[in-house]
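K.L.:
No letters, just coordinates:
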């Protein structure tokens, strides 16, 4: 709009010194006023509105160029006597192709041609910025959105890659908890076989803070250290507390000989598989209802942190 207005002011000054038709200048002024009036709508994000505006602007510039070429017909070589030739000159000039088949030879015609070229550049730059850029941005956003889902929050991180970690993942997901698995063995082929969602696992050493950061542990509610190695579970718990000291922790104890060390870490909940299995055997022999250890875990996690 600024460029078009500048051209209009130039033509206004030149019109005092050269015999230029006032209807042509009036049409020129109308285009500039429309540019200034509608320029504020460039801030809109609607691609459809931008396309309509650019199309209307292009038609106005074509009309201006065609009418001006007919008014200044004697200023061109060869002279322009029909609307088709004027339209041809307009399209060639606005698109800055410039075949040279029609050339301005007078000062008035040259100034007019300069204004058409500048208006053409303005129209095409406007079309690029208001139509192509938003379309490209929307396309990139859709691509990025597919590969970068919403960051998890108040989720549960499960560290481990064994059957216990997999089954716990599925049990929590069926109860609408948000879960992220972390483990060295969670690779695409294994995760696909275990029916793990592609966005629900991180491949890496769970005892490293950098790997836990990828699981957005800072936003997590709890971490379940369920690996088959007590050492890895202990180091994972320590790494998790470095990132988020107040995170709730569940620790799997695989060997009773490590009980003193593991309890010394003061996890919020310790699960001992041997003790659970022994309790099940006794309950089965006595005919008592079996207690599901997952119920105890869910009770521990039940603070309205499900989805």
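P.N.:
Sure, I can see it. Keep in mind that this is a model prediction, so the values were computed, not measured. Numbering: from 1, shown residues only.
K.L.:
so how many other residues sit close to residue 270?
P.N.:
The tally of other residues near residue 270 (other Cβ atoms under 10 Å) stands at 17. In short, each C-beta sits where N, CA and C put it, glycine included.
K.L.:
what ranges do the helices span in the stretch 151-300 of the chain?
P.N.:
163-174, 188-193, 209-214, 230-243, 259-264, 273-285, 293-301 (DSSP state H, counting those that start in this stretch).
K.L.:
which stretches of the stretch 101-250 of the chain have low pLDDT?
P.N.:
127-151 (pLDDT under 70).
K.L.:
What residues sit buried inside stretch 212-228?
P.N.:
By neighbour count on 16 or more other Cβ atoms under 10 Å, the buried set for stretch 212-228 is 212, 215-217, 220-227.
K.L.:
Including distance to residue 168, could these go into a markdown table?
P.N.:
Shown next, in a markdown table, are those (distance: Cβ to Cβ, whole Å):
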| residue | distance to residue 168 |
| --- | --- |
| 212 | 18 |
| 215 | 15 |
| 216 | 19 |
| 217 | 17 |
| 220 | 15 |
| 221 | 15 |
| 222 | 12 |
| 223 | 12 |
| 224 | 7 |
| 225 | 11 |
| 226 | 6 |
| 227 | 12 |
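K.L.:
out of these, who's nearest residue 91?
P.N.:
residue 216 (55.7 Å; Cβ to Cβ).
K.L.:
Hmm, residue 152 and the closest one touching each other?
P.N.:
Yes - assessed by Cβ atoms under 8 Å, residue 216 is found in contact with residue 152 at 5.3 Å.
K.L.:
between these two, what contacts are shared?
P.N.:
Common neighbours of residue 216 and residue 152 (criterion: Cβ atoms under 8 Å, 6 or more residues apart in numbering): residue 180.
K.L.:
Contact partners for residue 213?
P.N.:
Residue 213 neighbours (Cβ under 8 Å, 6+ apart): residue 243.
K.L.:
And it, how far from residue 269?
P.N.:
Relative to residue 269, residue 213 is positioned 24 Å away (Cβ to Cβ, to the nearest Å).
K.L.:
separation between residue 203 and residue 240?
P.N.:
For residue 203 relative to residue 240 (Cβ to Cβ), the value is 18 Å.
K.L.:
Residue 258 now?
P.N.:
For residue 258 relative to residue 240 (Cβ to Cβ), the value is 18 Å.
K.L.:
ok, those two, which is more surrounded?
P.N.:
Per other Cβ under 10 Å, whichever of residue 258 and residue 240 has more neighbours is residue 240, with 26 against 14.
K.L.:
partner residues bridging the nearest residue to the more buried one once chain neighbours are set aside?
P.N.:
The shortest distance from residue 240 to any non-neighbouring residue, by Cβ to Cβ, 6 or more residues apart in numbering, is to residue 223 (4.8 Å). According to DSSP bridges, the residues that bridge with residue 223 are residue 157, residue 249.
K.L.:
Go ahead and confirm residue 223 touches residue 217.
P.N.:
Yes - the pair residue 223 / residue 217 is scored as a contact, 6.8 Å apart, by Cβ under 8 Å.
K.L.:
shared neighbours of those two, anything?
P.N.:
Here residue 223 and residue 217 have 157, 240, 247 as joint contacts, going by Cβ under 8 Å, 6+ apart.
K.L.:
could you redo the residues you listed as JSON lines and give each row distance to residue 78?
P.N.:
As requested, the shared contacts of residue 223 and residue 217 are exported to JSON lines (distance: Cβ to Cβ, whole Å):
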{"residue": "157", "distance to residue 78": "79"}
{"residue": "240", "distance to residue 78": "83"}
{"residue": "247", "distance to residue 78": "83"}
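K.L.:
Now flag whichever of these is closest to residue 105.
P.N.:
residue 157 (78.3 Å).
K.L.:
Verify the stated contact: the closest one with residue 183.
P.N.:
No - contact criterion Cβ under 8 Å: residue 157 and residue 183 do not qualify, at 10.7 Å.
K.L.:
how about residue 126, secondary structure?
P.N.:
helix (DSSP: H, G, I helix; E, B strand; the rest coil).
K.L.:
List the contacts of residue 182.
P.N.:
Residue 182 neighbours (Cβ under 8 Å, 6+ apart): 157-160, 201-202, 204, 206, 211-212, 214-215.
K.L.:
Among the residues you listed, which pair sits farthest apart?
P.N.:
160 and 214 (15.9 Å).
K.L.:
Can you give me the buried ones in stretch 81-100?
P.N.:
Those buried within stretch 81-100 under the rule 16+ other Cβ under 10 Å are 85-90, 92-94.
K.L.:
ok, longest helix in the protein?
P.N.:
For the chain, the helix with the greatest residue count under DSSP state H is helix 47-71.
K.L.:
Following the chain past that one, name the next helix or strand.
P.N.:
On the C-terminal side of helix 47-71, the closest following helix or strand by DSSP states H and E is strand 76-77.
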